[in-house]
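I would like the atomic coordinates for the input below:
(one chain, ligands or ions: 2)
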Amino acid sequence: MVQRQTQTIISVKDLVKKYGQFEAVKGISFDVYEGEIFGLLGPNGAGKSTTLEIIETLREKTAGEVWVNGFNLDKDPDEIKKVIGVQLQTSGFYPGLNLLELIDLFAGLYNRPVNARELLKSVNLEDKAKSKFKELSGGQKQRFSIATTLINQPRIIFLDEPTTGLDPQARRNLWDLVKDIRAKGTTVIITTHYMDEAEVLCDRIAIIDSGRIVALDTTDKLIDDLVASGFERPREVKKANLEDVFIHLTGHALREE
Ligand code: ADP
Ligand code: MG
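Numbering: from 1, shown residues only. Ligands and ions are numbered 1, 2, ... in the order given. Modelled structure (predicted):
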């Protein structure tokens, strides 16, 4: 784990989101530190995507305040857009274009010059430069989607369930990619339903349930606190789990070619 910085890059205060009468986000507050991988965990419908999309300037909030990189969401949404990387909807990945052409297209939207080949290389897709999006495997699609978040050289990227549906090899490969991105100085906010993944990747975690944050701390501290409260696993913990068996038998190598 890299040394954590305590410089705040995102600050959310008393954020509320109502859809009609239904309050999906009920006044949450949290800070994200520069250079960390921050996990937003919670059951389906907890309000994770809503929260991320509000910070990403893609969804209106009902109340509260949000700052990103020193910019206030209400006053300077365009400044926020410049420093964040958002996964683009795959519906925008025109079926007839290859990966190089898609990156050039998106770079044009951002009005940024980009070395498309370098970018593909950084997500280990240089061999697929001339392939179309629809021809990629699930893991390759996710890597390409992550590449699109990096086009505008953002300071922060948002990944909403990037590993859902991937096989164990592709999931591990994506963990390495996310760690690489963070190692280059980019702050990462990620949602996932895989607790092993959160444990491996995240420096700090907010657990959100029914629109409220029920815990927020480093991954270690959350686990230590539970143990200190007297929690014990109902049966003896084995030294390996089924996923260890699976990886042991099938290896780490990606199977998507
Ligand atoms: P999560 O990402 O944690 O699964 P969401 O933020 O997608 O949760 O959704 C939170 C709650 O808000 C859910 O109950 C969901 O049904 C509701 N919701 C999300 N988007 C809308 C919308 N556009 N209109 C009405 N309700 C919505
Ligand atoms: Mg969601």
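
so which strand or helix has residue 206?
strand 204-209 (DSSP states H and E).

doesn't residue 165 fall inside a helix?
No. For residue 165, which was evaluated using DSSP: H, G, I helix; E, B strand; the rest coil, the result is coil, with no helix membership.

right, and it touches residue 138 too?
Yes. When contacts are counted by CB atoms under 8 Å, residue 165 is listed as touching residue 138 (6.0 Å). Glycine gets a C-beta too; all of them are placed from N, C-alpha and C.

these two: which is more packed in?
A count of neighbours by other CB atoms under 10 Å puts residue 138 above the other of residue 165 and residue 138, at 14 against 11.

state the pLDDT value of residue 257.
Looking at residue 257, its pLDDT stands at 56.

got it, and residue 1?
pLDDT, read off for residue 1, is 53.

what do you get for residue 245?
So residue 245 comes in at 89 (pLDDT).

show me what contacts residue 178?
37, 146, 159, 162, 188, 190, 201 (CB atoms under 8 Å, 6 or more residues apart in numbering).

let's see that with 10 Å instead.
Contact analysis of residue 178 by CB atoms under 10 Å, 6 or more residues apart in numbering lists 37, 146, 157, 159, 162-163, 186, 188, 190, 197, 200-202.

in what helix or strand does residue 249 lie?
Using DSSP H and E, residue 249 sits in helix 242-250.

same question, residue 100
Using DSSP H and E, residue 100 falls within helix 99-110.

can you name the next helix or strand after that helix?
Next element after helix 99-110 (DSSP H and E): helix 116-122.

can you give me the buried ones in whichever helix or strand comes after that next one?
Using DSSP H and E, the helix or strand that follows helix 116-122 towards the C-terminus is helix 138-149. Under the neighbour-count criterion of 16 or more other CB atoms under 10 Å, helix 138-149 has 139-149 buried.

ditto for stretch 102-113
Here stretch 102-113 shows 102-103, 106-107, 110 as buried, counting by 16+ other CB under 10 Å.

just name the closest of these to residue 84, please.
The closest of those to residue 84 turns out to be residue 110 (CB to CB; 11.3 Å).

please look at the closest one and residue 84 and confirm they touch.
No. Assessed by CB atoms under 10 Å, residue 110 is found out of contact with residue 84, at 11.3 Å.

and for those two, which residues touch both?
Common contact partners of residue 110 and residue 84 (CB under 10 Å, 6+ apart): 152, 154.

in the stretch 151-257 of the chain, which residue sits nearest ligand 2?
Closest residue of the stretch 151-257 of the chain to ligand 2, CB to the ion: residue 160 (5.8 Å).

let me fix that: the chain
residue 49 (3.1 Å).

for ligand 1, see how far away that residue is.
Applying CB to the nearest ligand atom, to the nearest Å, the value for residue 49 to ligand 1 is 3 Å.

helix, strand, or coil at that residue?
helix.

pull the number of nearby residues for it.
Residue 49 has 19 nearby residues by other CB under 10 Å.
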